[in-house]
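Colleague: build me a model from this:
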Amino acid sequence: MVDILVKVLLFAFIAGMFTLVIRAFVRSGQEDKQVRRGWEELAQVAAARGWTHERRAAGRATEFCGVGPMPGSGENLTAWHYITGEFRGRSFTCFEYRYSNPLSGSSQVGESKKLTFESVFLVSAPGSGPFLQVGRPGKFDTVMGRGPRTLLGVPEFDEKFRVDTEDQTFARTILSDDVRAFLLSDQRAEKNPLRVRHDELFTWYTGTLSPQALEDRLNYLCDVLDRIPAQAWASA
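Modeller: Take a look at the predicted model:
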């Protein structure tokens, strides 16, 4: 009786594992189709709105080295689905950056590493400013070599956001009462860091580019820019 019960349980376990593998395989296939459909729609959306779209733009990503998820330096880095145009009266650029994660994939010879996708968005600002980055503080900031952050003296904001800057006066002017209130209340700010580089405002996320993400991130950047006082750029 015990032997029969053990065999039944073993069979149920194997069947369950087999079902999980099949479901994971099907889900992976569905997600892959959805991603590829999104890539196809990007070209269609760009054409409909008068934007430029390059499926593979060799060398285009190099100029963004050091921003967000981009490497600190590089040569002839490819930007995928490189899109430029105008959105809400501002010029913008967005693209995917892809790289092989050395920690992923198998160690077996001949097996490729898994690709990591980073989507980067930037919108033109009305003026130029020094380095400024706003994002969520991390538990490993010290381990990652990030120095002391700038505190604005607003406890709620200082607790939820990390500000890194080369010019504290510029940071305090940019992060006005209106901007801080917006970042504290808008859910997009939780997962979308901001970076000022010269006359551009950036955000990014890990994942593939899609029409919905494009629209959402560009709106987010424009919403932030709409709230930044004009004198912030004039005083930079």
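
Colleague: and residue 200, its phi and psi?
Modeller: phi -140, psi 140 (degrees, to the nearest 10).

Colleague: residues in contact with it?
Modeller: Applying Cβ atoms under 8 Å, 6 or more residues apart in numbering, we find residue 200 in contact with 122-125. C-beta here means a position set from N, CA and C on the backbone, and glycine is covered the same way.

Colleague: got a markdown table for those, with secondary structure and distance to residue 182 too?
Modeller: A markdown table is the format used below for those (DSSP: H, G, I helix; E, B strand; the rest coil; distance: Cβ to Cβ, whole Å):
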| residue | secondary structure | distance to residue 182 |
| --- | --- | --- |
| 122 | strand | 19 |
| 123 | strand | 15 |
| 124 | strand | 19 |
| 125 | strand | 16 |
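
Colleague: neighbour-wise, give me the winner out of these.
Modeller: residue 122 (26 neighbours; other Cβ atoms under 10 Å).

Colleague: where's that one relative to residue 94, distance?
Modeller: Per Cβ to Cβ, to the nearest Å, residue 122 is found 7 Å from residue 94.

Colleague: related to what we said a few turns ago, just name the closest of the contacts of residue 200 to residue 60, please.
Modeller: Set against residue 60, the nearest of those by Cβ to Cβ is residue 122 (12.3 Å).

Colleague: what's the most distant pair in the contacts of residue 200?
Modeller: For these, the farthest-apart pair by Cβ to Cβ is 122 and 125; their separation is 9.3 Å.

Colleague: centre-most residue in this structure?
Modeller: residue 205 (1.4 Å; Cα atoms, centre = their mean).

Colleague: that residue: what secondary structure?
Modeller: Put simply, residue 205 is strand when judged by DSSP: H, G, I helix; E, B strand; the rest coil.
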